[in-house]
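Asks: Structure for this input, please:
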Amino acid sequence: MTAEYKVQGDVAVITLNNPPVNGLGYDTRVGITDALEKANNDPAVKAIVLTGAGKAFSGGADIREFNDITKAMREPILLSVILAVENSRKPVVAAVHSVVMGGGLELALGAHYRIAAPGTKVALPEVKLGLIPGAGGTQRLPRVLGVETALNMIVSGEPVNSDVLAGLPGQKLFDQLSATPESLMDEAIALAQKVAAQHADGSALPLVRNLPCKHPQGDAYFQFARNMVKGMAKNFPAPVKCVDAVEIATKYKFDEGLAREREIFTNLMQTPECKALRHIFAAERAASKIPDVGSDVKPRDVKTVGVIGAGTMGGGIAMNFLNAGIPVTMLETKQEALDRGVATIKKNYEAQVKKGKLKADKYEQRMALLKTTLDYADLKDADLIIEAVFEELGVKEQVFKKLDEVAKPGAILASNTSTLDVDKIAAFTKRPQDVVGMHFFSPANVMKLLEVVRGQATAKDVLATVMGIAKKIKKTAVVSGVCDGFIGNRMIEQYSRQAGFMLDEGATPQQVDKAIEKFGFAMGPFRMGDLAGNDIGWAIRKRRAVERADMKYSATADKLCELGRFGQKTGAGWYDYQPGKRDAIPSELVNKMIEEHRASLGIKPRKISDQEIVERLVYSLVNEAAHILEDGIASKASDIDMVYLTGYGFPIWRGGPMRYADQVGLFNVAESMKRFARNPNDDASFWEPAPLLKKLVAEGKNFN
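Replies: Alright, predicted model coming up:
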């Protein structure tokens, strides 16, 4: 049973038991209503306590029902369960602890009394899924916390500590805070017995729905709130709808407000933004599951970490572990390089202290965990060693041969390579089973994505360890097989090739960037090249010329690099940059270079629409991703979405390239590809739809 029933003296205790967060799935909902009926029909029971087992009261909806709308909507739905709680003839006390969120909080708000353990995280996070609370949250929370506090919680979706809420003047959310988390149940039973005695005469039990709900400034306040929210969440409809729903609570009778909240909730469920956010929610959880690495695989202990290289990447990687309280030894070949690296880490932390994002004592604690060395022997006790040196196989070979000599048995040896063959790197050691790719994205202390590259020999417990460590350092880890560029960079190469072809055909860098940024990308391909360094792509193209002479590119990017315009680091790339500023200023010199190159090819420039720019860029990602899935480099389409959402600035409200292709319709995507293949200045062979894409179109299926 996912809702257990026990009687302690004259109090019935209903305990939600649906791990991991006591999600309110169908069986649990039935269990609660059955238990309520049982308690109300038992003359020996005077009151009821509703609580949750394990590490949560309830985190809300059961995510296993997200894509099974029929199960989610089977009666009793949550609204019906809450009504049954309200209608209980005997007082119901909600004893909340640890986590009370979403539907869990809405359920607690239906109880007659509430007691909370200190340190409980309280939230209505539905906005993060593109929704508003749909079981009375927008109508009840303003009644117990006041309109402004409730609206802030509902619009942000962020958790607030029960101690903070219990201390607010006039709050009616909690009748009591237990002395300690451990004493919660004893105090809840005592409270239940006390209120049962108070209502023994049959007097009405208190209901949140009967409390008043007003704001002194009324219309003016809600208009101000709406303007603020619109400015901050222009691509998401849900935050503004949260304002509408709370305003409804102040203007209508409770039942009317509840009906209107439900209508808004139901309409939002069908929006592309909500579907995308729900897809991301499920995809993020699915990414951590590796098909052949089950929960029976025991991870290795990682208590200390070594980082080789104190440059931008090495320093950023080290910061992730320092932030998580894990000691780091950073190695360099020269003292000046070490000093520079440590200075950069200090500067990053000091900036956080200055902005109030980090306390000074925490900064000191983190820096105290950092050791530096010029000697490989100092890495002999490290449990995990991550190499972040120059992206050249010969350099990696030297490092891994040295690590093989000094690292202890069972130490995990990781490479931060972004494109190189992890199997070749593993072969430089006598312990290929301990070698794995850990591809961080720059800046490594900020970017969420970690591509975990699984070599042919990588041991299962190494993978399990790295996935666990990723969680500890707050990264979204996605597993990739070994191929040139792995998932993200293999796809971005096709995207960059398309951007180059469009310059040949008549577009300017700023037109391409503006079109894809308007679509929602954080940065267009040319601004991205300037930020990353155009010389990186140049090195890859030189390697391609040897390995894959058939690969076609626009020559504009090479011509740019021949001019020494490597991007922001040289003050000039596709754009011009002023010293100390990152503003991209269109360059007449670059536009002239593109025009001259176009003329040398005999291409007459044509007007390219923003729609064509977006489709060629995005669909190039999709087609290459379909090949990646076929090759077994990624295990599922949603993993590819996570790579692009967390590492490449793909717009969140569109759910990733594969989810977006599903939404457009794979038939339409394939038809566009056939059209692009007829363009004489493009690469017709690339636009042949991948076999997987063709198969899905023929079967009327989607990627996800």
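Asks: now the host helix or strand of E595, how far from the chain's geometric center?
Replies: E595 belongs to helix 588-601 when assigned by DSSP states H and E. Here helix 588-601 is found 41 Å from its chain centre; the criterion is C-alpha atoms, centre = their mean, to the nearest Å.
Asks: Let me see the mean pLDDT of stretch 249-264.
Replies: The predicted model assigns stretch 249-264 a mean pLDDT of 97.
Asks: now do stretch 649-660
Replies: 96.
Asks: So which bits of it are buried?
Replies: Neighbour-count burial for stretch 649-660, with 16 or more other C-beta atoms under 10 Å as criterion, is recorded at 649-660. C-beta here means a position set from N, CA and C on the backbone, and glycine is covered the same way.
Asks: for stretch 384-404, same thing?
Replies: Here stretch 384-404 shows 384-389, 391, 396, 399-400, 402-403 as buried, counting by 16+ other C-beta under 10 Å.
Asks: now stretch 302-321
Replies: Neighbour-count burial for stretch 302-321 [16+ other C-beta under 10 Å]: 302, 304-311, 313-321.
Asks: Show me which of the buried residues of stretch 384-404 has the smallest pLDDT value.
Replies: Where pLDDT dips furthest among those: E391, at 85.
Asks: Do I have it right that it meets I425?
Replies: No - applying C-beta atoms under 8 Å as the test, E391 and I425 come out as separate, 11.5 Å apart.
Asks: Need the overlap of contacts for the two.
Replies: T417 (C-beta atoms under 8 Å, 6 or more residues apart in numbering).
Asks: hmm, back to that, going by distance to G485, which of the buried residues of stretch 384-404 wins?
Replies: Nearest to G485 out of the buried residues of stretch 384-404 is E391 (C-beta to C-beta; 11.6 Å).
Asks: Now render the buried residues of stretch 649-660 as a markdown table, adding distance to H597.
Replies: A markdown table is the format used below for the buried residues of stretch 649-660 (distance: C-beta to C-beta, whole Å):
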| residue | distance to H597 |
| --- | --- |
| G649 | 28 |
| F650 | 30 |
| P651 | 31 |
| I652 | 36 |
| W653 | 37 |
| R654 | 33 |
| G655 | 37 |
| G656 | 34 |
| P657 | 29 |
| M658 | 34 |
| R659 | 36 |
| Y660 | 32 |
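Asks: Select from the buried residues of stretch 302-321 every entry located in helices.
Replies: Within the buried residues of stretch 302-321, residues falling in helices by DSSP state H are 313-321.
Asks: Can you lay out those residues as TSV showing distance to E75 and pLDDT?
Replies: As requested, those are arranged in TSV below (distance: C-beta to C-beta, whole Å; pLDDT from 0 to 100):
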residue	distance to E75	pLDDT
M313	55	93
G314	57	95
G315	56	95
G316	52	95
I317	52	97
A318	54	97
M319	51	97
N320	47	97
F321	50	97
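Asks: thinking again about what came up before, counting contacts, what elements does the helix holding E595 pack onto?
Replies: Using 3 or more C-beta pairs under 8 Å, 6 or more residues apart in numbering; DSSP states H and E, the elements in contact with helix 588-601 are helix 488-505, helix 509-519, helix 556-562.
Asks: Dump the last one to CSV, keeping only the CA atoms.
Replies: Written as CSV, here are the backbone C-alpha positions of helix 556-562 (Å, rounded to 0.1, in the frame of the first residue of the first chain):
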residue,chain,number,x,y,z
THR,A,556,35.3,32.2,-45.1
ALA,A,557,36.2,30.9,-41.6
ASP,A,558,39.8,30.0,-42.7
LYS,A,559,40.2,33.4,-44.4
LEU,A,560,39.1,35.0,-41.1
CYS,A,561,41.7,33.0,-39.2
GLU,A,562,44.4,33.8,-41.7
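Asks: which element is the nearest residue to P118 once chain neighbours are set aside on?
Replies: Spatial nearest neighbour of P118, chain neighbours left out: D163 (5.4 Å); criterion: C-beta to C-beta, 6 or more residues apart in numbering. Assigned by DSSP H and E, D163 falls within helix 162-166.
Asks: list the buried ones in that helix?
Replies: Neighbour count says helix 162-166 has 162, 165-166 buried, by 16+ other C-beta under 10 Å.
Asks: swap in stretch 596-610?
Replies: Using 16+ other C-beta under 10 Å as the test for burial, stretch 596-610 gives 597-598, 608.
Asks: swap in stretch 275-288?
Replies: In stretch 275-288, counting by 16+ other C-beta under 10 Å, buried: 275-280, 282-284, 287.
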